[in-house]
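In: Just a sequence and a predicted model for now, questions to come.
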Amino acid sequence: MTAQVLVVTGTGTGVGKTVTTAALAAVALAARHTVAVVKPAQTGVGEGEPGDVDTVARLAGSVTMYELARYPEPLAPETAARRSGLAPVRPAWVTRAVDSLARTHDLVLVEGCGGLLVRFDDHGSTLADIAVHLRAPVIVVAAAGLGTLNATALTLEALRTRGITCPGVVVGSLPACPDLASRCNLTDLPVAAQAPLLGILPEGAGSLSPTEFRTQAADWLAASLGGRWQPGA
(Lines give C-alpha, C1' and ligand atoms only; values in the text may rest on other atoms or scores of the structure.)
Protein backbone atom coordinates (compact mmCIF):
# COMPACT_ATOMS: atom_id res chain seq x y z
CA MET A 1 0.00 0.00 0.00
CA THR A 2 1.31 3.46 -0.89
CA ALA A 3 -1.11 5.57 1.15
CA GLN A 4 -1.17 6.22 4.84
CA VAL A 5 -3.87 4.02 6.36
CA LEU A 6 -5.46 4.93 9.70
CA VAL A 7 -8.07 2.88 11.53
CA VAL A 8 -10.46 4.87 13.72
CA THR A 9 -12.18 3.12 16.62
CA GLY A 10 -14.19 4.30 19.59
CA THR A 11 -14.29 3.21 23.20
CA GLY A 12 -17.98 2.55 22.54
CA THR A 13 -20.90 3.90 20.55
CA GLY A 14 -21.84 7.57 20.46
CA VAL A 15 -18.39 8.91 21.40
CA GLY A 16 -17.86 11.03 18.27
CA LYS A 17 -16.03 8.54 16.07
CA THR A 18 -17.65 9.55 12.78
CA VAL A 19 -17.19 13.28 13.38
CA THR A 20 -13.56 12.66 14.35
CA THR A 21 -13.10 10.71 11.12
CA ALA A 22 -14.58 13.69 9.28
CA ALA A 23 -12.13 16.05 11.02
CA LEU A 24 -9.18 13.83 10.04
CA ALA A 25 -10.44 13.84 6.45
CA ALA A 26 -11.01 17.61 6.46
CA VAL A 27 -7.47 18.51 7.55
CA ALA A 28 -6.02 16.08 5.00
CA LEU A 29 -8.14 17.56 2.22
CA ALA A 30 -7.11 21.08 3.28
CA ALA A 31 -3.50 19.95 2.81
CA ARG A 32 -4.45 18.87 -0.74
CA HIS A 33 -4.29 15.16 -0.02
CA THR A 34 -6.69 12.70 -1.60
CA VAL A 35 -8.79 10.83 0.97
CA ALA A 36 -10.85 7.65 0.98
CA VAL A 37 -13.12 6.62 3.85
CA VAL A 38 -13.97 2.94 4.34
CA LYS A 39 -16.83 1.73 6.52
CA PRO A 40 -16.60 -2.06 6.82
CA ALA A 41 -20.11 -2.41 8.25
CA GLN A 42 -22.89 0.16 8.55
CA THR A 43 -25.70 -0.87 10.89
CA GLY A 44 -29.01 0.70 11.79
CA VAL A 45 -29.47 2.43 8.45
CA GLY A 46 -31.90 1.41 5.74
CA GLU A 47 -31.36 1.19 2.00
CA GLY A 48 -30.98 4.64 0.46
CA GLU A 49 -30.48 6.41 3.79
CA PRO A 50 -27.25 8.33 4.48
CA GLY A 51 -24.72 6.42 6.56
CA ASP A 52 -21.54 7.38 8.38
CA VAL A 53 -19.47 7.76 5.20
CA ASP A 54 -22.08 10.21 3.91
CA THR A 55 -21.73 12.22 7.11
CA VAL A 56 -17.96 12.32 6.67
CA ALA A 57 -18.30 13.47 3.05
CA ARG A 58 -20.87 16.14 3.94
CA LEU A 59 -18.67 17.62 6.66
CA ALA A 60 -15.19 17.10 5.22
CA GLY A 61 -15.66 17.50 1.48
CA SER A 62 -14.65 15.47 -1.55
CA VAL A 63 -13.73 12.03 -0.20
CA THR A 64 -14.07 8.65 -1.85
CA MET A 65 -16.72 6.72 0.08
CA TYR A 66 -16.66 2.94 0.38
CA GLU A 67 -19.17 0.99 2.44
CA LEU A 68 -18.66 -2.77 2.36
CA ALA A 69 -21.91 -3.90 3.98
CA ARG A 70 -25.10 -2.41 5.35
CA TYR A 71 -27.50 -3.97 7.82
CA PRO A 72 -30.83 -2.35 8.76
CA GLU A 73 -30.96 -3.12 12.49
CA PRO A 74 -28.89 -1.03 14.97
CA LEU A 75 -26.92 -3.97 16.35
CA ALA A 76 -23.36 -5.27 16.40
CA PRO A 77 -22.36 -6.17 12.81
CA GLU A 78 -22.25 -9.94 13.37
CA THR A 79 -25.66 -9.94 15.05
CA ALA A 80 -27.13 -7.59 12.46
CA ALA A 81 -25.79 -9.72 9.60
CA ARG A 82 -27.13 -12.94 11.12
CA ARG A 83 -30.59 -11.51 11.75
CA SER A 84 -30.83 -9.98 8.28
CA GLY A 85 -29.64 -13.11 6.48
CA LEU A 86 -26.92 -11.10 4.75
CA ALA A 87 -23.27 -12.07 4.52
CA PRO A 88 -21.03 -10.88 7.35
CA VAL A 89 -17.95 -8.77 6.70
CA ARG A 90 -14.63 -10.64 6.62
CA PRO A 91 -11.29 -8.94 7.40
CA ALA A 92 -9.89 -10.08 4.05
CA TRP A 93 -12.62 -8.12 2.25
CA VAL A 94 -11.63 -4.95 4.07
CA THR A 95 -7.95 -5.52 3.32
CA ARG A 96 -8.65 -5.91 -0.41
CA ALA A 97 -10.76 -2.74 -0.47
CA VAL A 98 -8.15 -0.70 1.42
CA ASP A 99 -5.30 -2.06 -0.72
CA SER A 100 -7.15 -0.96 -3.85
CA LEU A 101 -7.97 2.51 -2.51
CA ALA A 102 -4.44 3.00 -1.19
CA ARG A 103 -3.10 2.84 -4.74
CA THR A 104 -4.97 5.99 -5.75
CA HIS A 105 -5.30 7.98 -2.49
CA ASP A 106 -2.90 9.64 -0.07
CA LEU A 107 -4.92 8.74 3.04
CA VAL A 108 -7.36 5.89 3.70
CA LEU A 109 -9.45 6.12 6.87
CA VAL A 110 -11.14 2.94 8.10
CA GLU A 111 -13.95 3.70 10.54
CA GLY A 112 -15.09 0.90 12.82
CA CYS A 113 -18.52 0.16 14.21
CA GLY A 114 -18.82 0.74 17.96
CA GLY A 115 -15.81 -0.40 19.95
CA LEU A 116 -12.59 -2.20 19.04
CA LEU A 117 -13.73 -5.74 19.85
CA VAL A 118 -17.24 -5.70 18.40
CA ARG A 119 -17.69 -8.87 16.31
CA PHE A 120 -18.01 -8.62 12.54
CA ASP A 121 -18.58 -12.30 11.72
CA ASP A 122 -19.22 -15.75 13.14
CA HIS A 123 -15.47 -16.35 13.47
CA GLY A 124 -15.24 -13.57 16.04
CA SER A 125 -13.33 -11.19 13.77
CA THR A 126 -13.09 -7.64 15.10
CA LEU A 127 -11.75 -4.26 14.07
CA ALA A 128 -8.54 -5.21 15.88
CA ASP A 129 -8.15 -8.14 13.47
CA ILE A 130 -8.73 -5.79 10.54
CA ALA A 131 -6.01 -3.45 11.86
CA VAL A 132 -3.62 -6.41 12.15
CA HIS A 133 -4.42 -7.47 8.57
CA LEU A 134 -3.79 -3.91 7.37
CA ARG A 135 -0.75 -3.39 9.60
CA ALA A 136 -2.28 0.00 10.31
CA PRO A 137 -2.20 2.20 13.42
CA VAL A 138 -5.42 2.80 15.32
CA ILE A 139 -6.67 6.18 16.57
CA VAL A 140 -8.92 5.78 19.62
CA VAL A 141 -11.85 8.16 20.06
CA ALA A 142 -12.96 8.46 23.68
CA ALA A 143 -15.82 10.06 25.55
CA ALA A 144 -15.08 12.99 27.83
CA GLY A 145 -17.06 12.15 30.94
CA LEU A 146 -17.18 9.76 33.85
CA GLY A 147 -16.21 6.18 32.97
CA THR A 148 -14.01 7.04 30.04
CA LEU A 149 -10.71 6.29 31.81
CA ASN A 150 -11.52 2.60 32.26
CA ALA A 151 -12.97 2.17 28.76
CA THR A 152 -9.99 3.90 27.18
CA ALA A 153 -7.43 1.96 29.22
CA LEU A 154 -9.07 -1.34 28.25
CA THR A 155 -9.10 -0.40 24.55
CA LEU A 156 -5.43 0.57 24.59
CA GLU A 157 -4.52 -2.59 26.49
CA ALA A 158 -6.29 -4.67 23.86
CA LEU A 159 -4.34 -2.89 21.12
CA ARG A 160 -0.99 -3.39 22.86
CA THR A 161 -1.58 -7.10 23.47
CA ARG A 162 -2.11 -7.51 19.71
CA GLY A 163 0.96 -5.48 18.78
CA ILE A 164 -1.13 -2.72 17.20
CA THR A 165 0.28 0.81 17.25
CA CYS A 166 -1.90 3.57 18.72
CA PRO A 167 -0.63 7.10 17.98
CA GLY A 168 -3.00 8.49 20.60
CA VAL A 169 -6.48 9.34 21.80
CA VAL A 170 -8.96 11.99 20.62
CA VAL A 171 -11.84 13.20 22.79
CA GLY A 172 -14.78 13.02 20.43
CA SER A 173 -17.17 15.48 22.09
CA LEU A 174 -16.34 17.91 24.89
CA PRO A 175 -19.24 20.00 26.26
CA ALA A 176 -18.88 23.78 26.19
CA CYS A 177 -19.23 23.72 29.98
CA PRO A 178 -17.56 20.43 30.97
CA ASP A 179 -18.26 18.97 34.38
CA LEU A 180 -15.56 18.17 36.93
CA ALA A 181 -14.98 14.63 35.65
CA SER A 182 -14.59 15.81 32.07
CA ARG A 183 -12.12 18.50 33.04
CA CYS A 184 -10.04 16.08 35.11
CA ASN A 185 -10.15 13.46 32.36
CA LEU A 186 -8.33 15.73 29.94
CA THR A 187 -5.33 15.40 32.24
CA ASP A 188 -5.88 11.78 33.23
CA LEU A 189 -6.69 10.23 29.84
CA PRO A 190 -3.09 10.15 28.56
CA VAL A 191 -2.02 8.50 31.83
CA ALA A 192 -4.76 5.85 31.68
CA ALA A 193 -4.19 5.24 27.98
CA GLN A 194 -0.39 5.36 28.15
CA ALA A 195 -0.71 7.30 24.92
CA PRO A 196 -0.88 11.02 24.12
CA LEU A 197 -4.02 13.08 23.80
CA LEU A 198 -4.11 14.12 20.14
CA GLY A 199 -7.16 16.33 20.01
CA ILE A 200 -10.48 17.46 21.41
CA LEU A 201 -13.61 17.96 19.34
CA PRO A 202 -16.28 20.29 20.74
CA GLU A 203 -19.75 19.00 21.41
CA GLY A 204 -21.96 19.73 18.43
CA ALA A 205 -19.13 19.81 15.90
CA GLY A 206 -21.14 17.54 13.62
CA SER A 207 -23.96 20.10 13.53
CA LEU A 208 -21.75 22.85 12.10
CA SER A 209 -22.13 23.84 8.49
CA PRO A 210 -19.59 22.17 6.20
CA THR A 211 -17.75 25.48 5.76
CA GLU A 212 -17.49 26.05 9.52
CA PHE A 213 -16.45 22.46 10.11
CA ARG A 214 -13.67 22.53 7.53
CA THR A 215 -12.42 25.90 8.78
CA GLN A 216 -12.26 24.77 12.41
CA ALA A 217 -11.19 21.12 12.08
CA ALA A 218 -7.47 21.84 12.29
CA ASP A 219 -8.03 23.55 15.67
CA TRP A 220 -9.28 20.27 17.10
CA LEU A 221 -6.43 17.93 16.10
CA ALA A 222 -2.74 17.82 16.99
CA ALA A 223 0.04 18.47 14.48
CA SER A 224 0.74 14.73 14.13
CA LEU A 225 -2.80 14.39 12.73
CA GLY A 226 -2.46 17.40 10.46
CA GLY A 227 -3.94 20.02 12.79
CA ARG A 228 -2.72 22.80 15.05
CA TRP A 229 -4.30 21.88 18.42
CA GLN A 230 -1.92 21.83 21.36
CA PRO A 231 -2.39 20.20 24.79
CA GLY A 232 -3.48 22.79 27.32
CA ALA A 233 -4.85 25.12 24.66
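Out: Received it, and whenever you're ready, just let me know what you need. Computed from a predicted model, the values in this text were never measured in an experiment.

In: Which residue comes closest to Ala80 once chain neighbours are left out?
Out: If the residues on either side of it in the chain are set aside, Ala80 comes closest to Tyr71, at 3.5 Å by CB to CB, 6 or more residues apart in numbering. All C-beta atoms are positioned from the backbone trio N, CA, C, and that covers glycine.

In: Hmm, that neighbour is touching Thr43, no?
Out: Yes: counting by CB atoms under 8 Å, Tyr71 touches Thr43, with 4.8 Å between them.

In: count of neighbours near the nearest residue to Gln230 once chain neighbours are set aside?
Out: Using CB to CB, 6+ apart and skipping the chain neighbours, the partner closest in space to Gln230 is Ala222 (7.2 Å). Residues lying near Ala222 (other CB atoms under 10 Å) number 20.

In: related to what we said a few turns ago, contacts only, for the residue nearest to Ala80.
Out: Tyr71 makes contact with Ala41, Gln42, Thr43, Gly44, Pro77, Ala80, Ala81, Arg83, Ser84, Leu86 under the criterion CB atoms under 8 Å, 6 or more residues apart in numbering.

In: Can you tell me the element the last one falls in?
Out: Here Leu86, judged by DSSP states H and E, is contained in no helix and no strand.

In: which residues does it contact?
Out: Applying CB under 8 Å, 6+ apart to Leu86 gives the contacts Ala69, Tyr71.

In: phi, psi of it?
Out: phi -90, psi 160 (degrees, to the nearest 10).

In: all strands of this protein, in order?
Out: Assigned by DSSP state E, the strands in the chain fall at 4-10, 35-39, 42-43, 64-67, 70-71, 107-115, 138-142, 169-174, 197-202.

In: can I get these in CSV with distance to Ala128 and mean pLDDT?
Out: What follows is these, written out as CSV (distance: least, CB to CB, whole Å; pLDDT from 0 to 100):
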stretch, distance to Ala128, mean pLDDT
strand 4-10, 8, 97
strand 35-39, 16, 98
strand 42-43, 18, 96
strand 64-67, 20, 96
strand 70-71, 20, 96
strand 107-115, 9, 95
strand 138-142, 8, 98
strand 169-174, 16, 97
strand 197-202, 19, 98
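
In: nearest to Asp122, of those?
Out: Taking CB to CB as the criterion, Asp122 comes closest to strand 70-71 out of the strands of the chain, the separation being 14.1 Å.

In: Show me how far the closest one is from its chain's centre.
Out: Relative to the centre of its chain, strand 70-71 is centred 18 Å away, using CA atoms, centre = their mean, to the nearest Å.

In: Name every strand pairing with that strand and say which way it goes.
Out: Using DSSP bridges, strand 70-71 pairs in its sheet with strand 42-43 (parallel).

In: who touches both of Tyr71 and Thr43?
Out: Common contacts of Tyr71 and Thr43 (CB under 8 Å, 6+ apart): Pro77, Ala80.

In: buried set for stretch 147-167?
Out: Using 16 or more other CB atoms under 10 Å as the test for burial, stretch 147-167 gives Thr148, Leu149, Ala151, Thr152, Ala153, Thr155, Leu156, Ala158, Leu159, Ile164, Cys166, Pro167.
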